Each structure stands twice: as structure tokens, then as C-alpha cells.
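> Here's my sequence, what's the structure:
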Amino acid sequence: MFGNILSTFFSRVLTMLIMFGIVILNANIFGAEGLGTIGLMVLNITILQLVTSFIGGTTLVYLIPRRDLKKLLVFSLIWAVLGNIGGLLVLKSLALVPKNYIILLLVISIVFSFNSINMTLLQAFEKIKKFNFFQILQAVLLIVSIASFLLVEKTQKQKWGVDLYFYSFLISYLGTFLFSTFAVIKSIRNQKVNPDIVKISKSWFAQLKELLSLGFWVQIANLAQLLNYRLSYYFIEYFVGRKPLGIFDLGTKLSEAIWIFPKSLCLVQYARLSNNDDADYARKITVIFSKIASLFTLLVLVVLLLIPGSFFTFIFGAEFIDVKAIIYALAPGIFFLSCLTILSHHFAAKGEYWKNSLSSFIGLVFTAVGGYIFIPMAAKSGYVNAIFIAGIVTSVSYMMSLIVTILFFHRESKLKLHDLLISDEEFLVLKTEIQKLLKRKTPNL
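As a prediction, the model looks like this:
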């Protein structure tokens, strides 16, 4: 297990470094307004993914060990197409998608959905190293595509503008989907059929009903959480403008980069607990992972906050002089969310998605009310105050979601105050796992 965590962490660090390079390129090529456009486009793709995940999505990790894989795949793939089309029509009716990007957005989102299904299958089969490899591959394909387009643009004196990034985004996910398909097919062929699954196999209608039931709660939670993350984007664009949104988006990306390690932990945690019904084991793993994630996040946050603002303007350009204010505002929220991520995956692995939905919805209420009231008030004294307040509102929403989730976990586990301290036993477990990892050879992908 620790080998998977370490593998995931290093792959995410490498991916983050590549994506960090891409953010620097985008900031210097397209400026703050261009970053704002990219941020909105990616947000639209994310919203469409929430729609397509109402059937399938991360619930596949929970269902694959327990249900007929064929039925799960058929429903997931069909809905990946229909959900994207329906979701895009809704976004278009709300005037959230520029007319010249409608077709491109649909194609990108469908390819993204297919690739996500492949990644979810690898996670469900606990092929974590392969999962990590394809995550890195996507980032590499993205930066190679951007570099290729820039070279062509320079030699042929063409000007694609911000479209250059969107075409590269499509190529990177299409390439990853095609390559990962071979790994998924191989994993399915090597998967042993559990006779118990055959016995409890459901009819097509019953399986669809279960997918919709689980998917509903998962996506309500994800939608609420996404709006916690990104609702401020719409408030900022509406009340302040696209350029301040670009600055806020950069500050958000830099702050959220700290989630690398917590996300690495919860990826392995979710796959492991979904394949294990031992409640005591699940509680123990969740508590240990929460402590490690919180400690790591706190240490990295301190380092990030000590970096002078002049460093960011040197790297990204003079337009981003105020990005440090966003990092300060989001720092508490990033800490809260590192622990929340682990706890929410604990309930997801048990199929108790409604608990995550409720905590996310409560956080969303604070985001919506606070953003609508305080962002326009702050905008009257300048855009810097507005985007700083947007960060504060986001942090408060994360805190409220965490409080609700902790209450759920405490009710289930009867956690005491001294359980929050890192014990000698937990240090010993960590040390033992590291020693095991160093002694054995790394398996091939």
C-alpha cells in the first residue's frame, strides 16, 4: 500500500511540475485575461463531467468489485455521450459557453469522459502505478502539444491565440485515452471472476437504477464541492471582470498544488477501502491518513506563504503582482480541505455518499451567500479586495464542510481528542512500510 502511495505522490509531483510549467507559459503568452478564459473553459468541462458521472464516475470504484462489469461499462459509455450533449445544451441556454467554442467543448468533454472511465477502471482494479503513468502521460502530451503549436505558429506566422491551449488539451486526453485503453483491456482479461458477483448480478434495469441512485448522491456532493471551489469564478467575472479572474485563477492553482500529497493518499485509500469491508481497518487507515495529510499540508503552506510576492511577478509577469493576496486568503481553506478530502473518501468507499453531499451543500450555502454579498461590496474599493474576499469566502466554506464531516466521522468512530495526535504506533507503521518499500524491487508497469 505504501508503495502505491509513494508512486502516486511522485507521479503527482512530476505532473504538477509539468502543469506548473504550462501555467507559466499560459501566463506569459495569454496574460491574465487569457488565463481567465482558460479557467472558465476548464470549469465548463468540469461541470459537464459532473453531469456524465451521474451514471458511472467514481461510483465504479465501489461497484466494480461487487457487480457485473459489462453492465457498468455499457451504461457508463452511453451516458458519457448523452450526458455531455445534454449538459452542453443547458450551459448554452445559460449563455455560459462562447458560441465559437461549443463544438470544441463537446468534443473535448466526451474524450475527457472516456479517459476518466479508463482511469476509474484502473483505480478499481488497484492498478495504481498504471493510473499514475497515464496521469503523467497526459501532462507530457499537453506540454509537447503546446510546444508544437507554438513552433508552428512561429514558423508559419499563424496566430491561434488561446485556442492553441484548447487544441493541445484535446490532443493530450485523446492520446491518453487511446494508450490507456490497451492497459484497461489487459486488466479486464486478467481479472478473476468472483462467483459471488455472478450470484448477485442484477438485471439491466436494476443495475441502471443502482447506478443512478449512487451516482445521484456522489454528483450532488461533487457539484456542491465544485461550486465551493469555483462559484467565486462566476461572481468575480460578473462583478469585477475577466482579468482579475485570471489573477484569482492563478492564485487558486498555486494554492491547490499543495493537495498533491493528500490526493495521493485518498486515491490509494479509496481503492483499498472499496475492496475491504473491515470497519475497524477503515477507521484506522482514515485517521492515520488524515493526520499525515494535515501535517504535510501545514508544512508546505508555511513554505508557500514565506515566498515573497516578487517571485511570482518574476515568474508569471507584472500583471500577477497581487496573486500573493489570494494565496493568503486561500491558505486556511487548503488546510481544511486536506483533511476533508481523506474523510470524505472514507464515506465514499462505504457507499455513504449522502454524508459528503450534505457537508458539501452546507459549505456551498456559505460560498453562495458570502460570495453574492461580500464580493460586490469589496469590489467597490478595488478588484484586489474583491478577489481577496472571494478567497476568504472559499476558505470559510471549506471549514464548514469539514466541521460537518468530522461530526459524521466522530459519531461513527467515537474518536477522542488524544486520537488526533500522531502516536508511536503510527510512526512505527510508517517506518515499517518505508523499510519494506526500500527492500523490495519496484514492479514493472
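> alpha carbons only for contacts and neighbour counts from here, please
Noted.
> S381: neighbour count?
10 (other CA atoms under 10 Å).
> For it, grab phi and psi.
Here is the backbone geometry of S381 (degrees, to the nearest 10): phi -110, psi 20.
> where's it relative to V240, distance?
According to CA to CA, to the nearest Å, S381 and V240 sit 11 Å apart.
> go on, S187?
49 Å.
> And those two? Which one has more around it.
Using other CA under 10 Å as the criterion, S187 and V240 rank with V240 on top: 21 against 16.
> confidence score at the more buried one?
Listed pLDDT for V240 reads 87.
> swap in the one 10 residues further on?
The per-residue pLDDT reported for L250 equals 84.
> Regarding it, what is its secondary structure?
Assigned with DSSP: H, G, I helix; E, B strand; the rest coil, L250 falls in the helix class.
> residue contacts, it?
V23, L35, V323 (CA atoms under 8 Å, 6 or more residues apart in numbering).
> rerun at 10 Å
23-24, 27, 32, 35-36, 39, 244, 256, 316, 320, 323-324, 326-327 (CA atoms under 10 Å, 6 or more residues apart in numbering).
> and which of these is nearest Y229?
Checking the contacts of L250 against Y229 with CA to CA, the nearest one is E256 at 10.1 Å.
> burial measure for that closest one, as a count.
For E256, using other CA under 10 Å, the count is 18.
> same check, this time on the one 5 residues further on
A total of 23 residues lie near F261 under the criterion other CA under 10 Å.
> Report pLDDT for it.
For F261, the model assigns a pLDDT of 71.
> before we move on, what about the one 4 residues further on?
pLDDT, L265: 72.
> and what of F166?
Per-residue confidence (pLDDT) for F166: 91.
> all strands for the stretch 101-250 of the chain, in order.
Taking DSSP state E, counting those that start in this stretch as the criterion, the stretch 101-250 of the chain carries no strands.
> can you list the weak-confidence ranges in it?
157-158, 191-205, 207-215, 217-219, 221 (pLDDT under 70).
> Apart from its chain neighbours, what residue comes closest to Y328?
Closest residue in space to Y328, ignoring its immediate chain neighbours: L305 at 7.0 Å, by CA to CA, 6 or more residues apart in numbering.
> Next SSE downstream of the host helix or strand of that neighbour?
In the assignment (DSSP states H and E), L305 maps to helix 279-306. Later in the chain than helix 279-306, the nearest helix or strand by DSSP H and E is helix 309-316.
> Which strands or helices does that next one pack on?
Under the contact criterion of 3 or more CA pairs under 10 Å, 6 or more residues apart in numbering; DSSP states H and E, helix 309-316 touches helix 2-52, helix 323-349.
> Out of those helices, which gets nearest to V287?
Of all the helices and strands packed on helix 309-316, helix 323-349 sits nearest to V287, with 8.3 Å by CA to CA.
> from memory I220 sits against S360, does it?
Yes: counting by CA atoms under 10 Å, S360 is a contact partner of I220 at 8.4 Å.
> looking at the helices and strands packed on helix 309-316, which one has the lowest mean pLDDT?
Lowest mean pLDDT within the helices and strands packed on helix 309-316: helix 2-52, a mean of 74.
> picking that back up, relative to helix 323-349, how tilted is the helix holding L305?
Here helix 279-306 runs at an angle of 170 degrees relative to helix 323-349 (axes from the mean of the first three to the mean of the last three CA atoms, to 10 degrees).
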